[in-house]
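Student: Got a predicted model here, sequence first, then my questions.
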Amino acid sequence: TNKNCPVDKKSDLRRVVYVYSDDLIAVCDQLPKVQCRARMVHSLISAYDLSRCMRCVSPRPAREDEVTLFHSSDYVDCLKRLSAIEDDEKYDEEAEEFGLSYDCPAYPGVFEHACVLAGATMTAATCLMSDLCDVAVNWCGGWHHAKRHEASGFCYFNDIVLGILKLRQKYERVLYVDLDLHHGDGVEDAFCATNKVMTVSFHKYSPGFFPGTGRLTDTGMGTGRYYSVNVPLKDGITDAQFVSVFTRVMELARVSYAPGVLVCQCGADGLTGDPMEAFNLTPSAHSQCLQYLLSWNIPLLLVGGGGYNFANTARCWTVLTSVVTGQQLRSEIPEHEAFTEYGPDFELELQAGNKINRNTNEYIEGILQQVKENLSHVS
Ligand SMILES: CN(c1ccc(C(=O)NO)cc1)S(=O)(=O)c1ccc(-c2ccccn2)s1
Ligand SMILES: [Zn+2]
């Protein structure tokens, strides 16, 4: 609750729901590619005392009949079957068909874990719909690659699609925006043939770079044509350039689509220092993008996503949490259980990366022209 939550004058008090439970953190921390990240994120948010400015809501796992609102029962049944196998030595060719191998290994209990992660974003959506809050946050969500019929890119169930389907029970038009370094292909695929959900993805697009989709000319199909927007970027983009292309594209989307609710995936693998080593972004870029979205004053659902430098991901999502709660944060990382992870500077801010920027202004202007052309068809 917002008691004893000092709000800095410039921002009105925004009602924020923070979806959290020890079980949710424990489950998220067992995901093979982001082990122990969720605990770091939550403990930094707590160290800055931000939880006192939010209403903390404990999530419930998604039921199987809710998960099959998007995923096929064949895929769900296979994940459930493999999840119950204790010895993960047994090779299973059916697993291959459903993407359950390599990047998405089926480990014991993975089915229950995937239901918890999906349920957390659905819980956030439900809070938003019941007018309990203006912003709902689930940093353990954002698994944007999961497809109807298969796991992909470390994602088992697509919590974002399930959350959007929930929001669609109340809102006529949902606008999804994806800040992750990678194309939000699973969410785009789910809604590529409908105009009830507009998806906008900003991502690195380069030969051989995962998942390989998200071209500028991919705009959706049928009644969904022009309602999928892709902004393919190259290595080395800076904060200023990212914020500029983001605000210009999102303004075009807002004016043409006039959404009733916003869903934003805040993947942090585009930050400088991430093992993906692609963009030169700092949390300041995401913070400015979020402040722009908040200026729309429509309900907002925030979820996490990628981010493999865990200290930098925790820095980013803590900054974003402070933006929605209207708190100023001091630069010194507070003493807390993971303090040593924030060396050698122990500061909240990151220095921008200095990779060569392959995004010329001409390239960016060309993207904006094409996006403008595409969105001129959206009524
Ligand atoms: C499966 N891949 C994905 C999928 C999804 C993501 C992601 O973050 N999506 O948002 C990243 C990589 S992948 O083939 O590019 C990689 C697997 C492992 C990778 C890796 C591992 C360590 C350091 C750098 N890269 S990249
Ligand atoms: Zn990513």
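Tutor: Here it is on my side, so go on. Ligands and ions are numbered 1, 2, ... in the order given.
Student: make it CA atoms for all contacts and neighbour counts henceforth
Tutor: Fine.
Student: Is it correct that residue 302 is in contact with residue 138?
Tutor: Yes. If you go by Cα atoms under 8 Å, residue 302 and residue 138 touch, sitting 6.2 Å apart.
Student: Pull up the residues of the protein that are close to ligand 2.
Tutor: 180-182, 306 (Cα under 5 Å from the ion).
Student: Check the residues you listed against residue 67 and report the nearest one.
Tutor: Of all the residues of the chain next to ligand 2, residue 67 sits closest to residue 306, with 21.6 Å by Cα to Cα.
Student: What is the neighbour count of that closest one?
Tutor: 26 (other Cα atoms under 10 Å).
Student: And the buried ones among the residues of the chain next to ligand 2, selectable in ChimeraX?
Tutor: Buried subset of the residues of the chain next to ligand 2, written as a ChimeraX selection, criterion 16 or more other Cα atoms under 10 Å:
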select :180,181,182,306
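Student: before we move on, back to that, list the residues that contact both of residue 302 and residue 138?
Tutor: Counting by Cα atoms under 8 Å, 6 or more residues apart in numbering, residue 302 and residue 138 have no common neighbour.
Student: following the lowest-mean-pLDDT helix or strand in the chain, which helix or strand comes up?
Tutor: Here the helix or strand of the chain ranked lowest by mean pLDDT, DSSP states H and E is helix 93-97, holding a mean of 89. Using DSSP states H and E, the helix or strand that follows helix 93-97 towards the C-terminus is helix 110-129.
Student: got any ranges where this protein has weak pLDDT?
Tutor: Scanning the chain for pLDDT under 70 picks out the ranges 1-3, 7-12, 88-91.
Student: can you give me the strands for it?
Tutor: 16-19, 55-57, 135-138, 174-178, 197-204, 228-233, 261-265, 300-303 (DSSP state E).
Student: okay, the ones you listed in TSV with mean neighbour count next?
Tutor: Below are the strands of the chain laid out as TSV (neighbours: other Cα atoms under 10 Å):
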stretch	mean neighbour count
strand 16-19	26
strand 55-57	17
strand 135-138	28
strand 174-178	24
strand 197-204	26
strand 228-233	25
strand 261-265	24
strand 300-303	26
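Student: could you dump these to CSV with distance to ligand 1?
Tutor: Output for those, formatted as CSV (distance: least, Cα to the nearest ligand atom, whole Å):
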stretch, distance to ligand 1
strand 16-19, 21
strand 55-57, 26
strand 135-138, 16
strand 174-178, 10
strand 197-204, 9
strand 228-233, 14
strand 261-265, 10
strand 300-303, 12
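Student: Let's have these in TSV, adding distance to residue 107.
Tutor: Converted to TSV, the strands of the chain look like this (distance: least, Cα to Cα, whole Å):
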stretch	distance to residue 107
strand 16-19	25
strand 55-57	28
strand 135-138	23
strand 174-178	28
strand 197-204	29
strand 228-233	33
strand 261-265	25
strand 300-303	24
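Student: Which single one of the residues of the chain next to ligand 2 is nearest to residue 352?
Tutor: Of all the residues of the chain next to ligand 2, residue 181 has the smallest distance to residue 352: 15.9 Å, by Cα to Cα.
Student: Ligand 1 contacts on the stretch 151-300 of the chain?
Tutor: 153-154, 180, 182, 210, 275-276 (Cα under 6 Å from any ligand atom).
Student: Could you rerun that using 5 Å?
Tutor: Residues of the stretch 151-300 of the chain that fall close to ligand 1, judged by Cα under 5 Å from any ligand atom: 153, 182, 210.
Student: Out of the residues you listed, which is nearest to residue 354?
Tutor: Closest to residue 354, out of all of these and judged by Cα to Cα, is residue 182, at 20.2 Å.
Student: Please look at that closest one and residue 204 and confirm they touch.
Tutor: Yes. Counting by Cα under 8 Å, residue 182 touches residue 204, with 6.1 Å between them.
Student: What segments of the stretch 151-300 of the chain are helices?
Tutor: 159-167, 185-191, 239-257, 283-294 (DSSP state H, counting those that start in this stretch).
Student: Determine which stretch of those is the most buried.
Tutor: helix 159-167 (a mean of 25; mean count of other Cα atoms under 10 Å).
Student: list the helices and strands that helix packs on?
Tutor: helix 110-129, helix 185-191 (3 or more Cα pairs under 8 Å, 6 or more residues apart in numbering; DSSP states H and E).
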